[in-house]
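Asker: I would like the atomic coordinates for the input below:
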Amino acid sequence: MIAVSDATRAREIAANVRDPEVPVLTIDDLGVLRDVEVSAGTVVVTITPTYSGCPAVDTMRDDLVLALTAAGFADVRVRTVLSPTWTTDWLTDEGRRKLVEYGIAPPTGRAPAGPIRLQLGVACPRCGSLRTREISRFGSTACKALYECRACREPFDHFKVH
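Answerer: Model prediction:
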């Protein structure tokens, strides 16, 4: 039997913690989980929130501590780092797929390094139509915008590129 290191086990546990705002995603899918280290019995988890003022950070921290202590790790610390800033480029392909299945249009393209690119259309996650329009720059959370599909008439969130 091959023993799994504490660091590997801690990483697997942390990677499976769900995002409190979009529970179909793990914090690993979202790219928020940056690092997990184990040293002298202490687990240090590093996360980068999607926004510096993200209200879900406290819940993520609490969920990480609960999951890791329930797995037998007695000393768990969660570090929040803001640099480099989170980018939608960190979303995994699996995370993007889960967003579509959940009814949220994933971000398209890459985060801009210079001038903001013109976005021609956001595909509806329900019917795939590009005949959509932005209803509100802010959707259910600050990192999403609210859209409406003109083909199927359904509203949906779109994860913003940043």
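Asker: What ranges does this structure have for its strands?
Answerer: Secondary structure of the chain, counting by DSSP state E: strands at 33-39, 42-47, 75-80, 104-105, 132-136, 144-149, 155-159.
Asker: how about JSON lines for those strands, with mean neighbour count added?
Answerer: C-beta coordinates here come from the backbone N, C-alpha and C atoms, glycine included. JSON lines is the format used below for the strands of the chain (neighbours: other C-beta atoms under 10 Å):
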{"stretch": "strand 33-39", "mean neighbour count": "17"}
{"stretch": "strand 42-47", "mean neighbour count": "20"}
{"stretch": "strand 75-80", "mean neighbour count": "16"}
{"stretch": "strand 104-105", "mean neighbour count": "22"}
{"stretch": "strand 132-136", "mean neighbour count": "14"}
{"stretch": "strand 144-149", "mean neighbour count": "20"}
{"stretch": "strand 155-159", "mean neighbour count": "21"}
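Asker: Out of the ones you listed, the one nearest residue 21 is which?
Answerer: Between residue 21 and the strands of the chain, the shortest separation by C-beta to C-beta is 8.7 Å, and it involves strand 144-149.
Asker: Tell me which strands that closest one pairs with, and in which orientation.
Answerer: In its sheet, strand 144-149 lies beside strand 132-136 (antiparallel), strand 155-159 (antiparallel), with partners assigned from DSSP bridges.
Asker: how about these, which one is nearest residue 48?
Answerer: strand 155-159 (16.0 Å).
Asker: Can you name every helix or strand that the helix or strand of the chain with the lowest mean pLDDT contacts?
Answerer: Between all helices and strands in the chain, the lowest mean by mean pLDDT, DSSP states H and E belongs to strand 104-105, at a mean of 89. On a contact count with 3 or more C-beta pairs under 8 Å, 6 or more residues apart in numbering; DSSP states H and E, strand 104-105 meets strand 155-159.
Asker: One more pass at 10 Å, please.
Answerer: Taking 3 or more C-beta pairs under 10 Å, 6 or more residues apart in numbering; DSSP states H and E as the contact definition, the neighbouring helices and strands of strand 104-105 are helix 93-102, strand 144-149, strand 155-159.
Asker: Of all residues in the chain, which one is nearest the centre?
Answerer: Closest residue to the average C-alpha location of the chain: residue 30 at 2.5 Å, with C-alpha atoms, centre = their mean.
Asker: what's the domain layout of the protein?
Answerer: Listed domain ranges for the chain are 6-80, 91-159 (source: automatic domain parsing).
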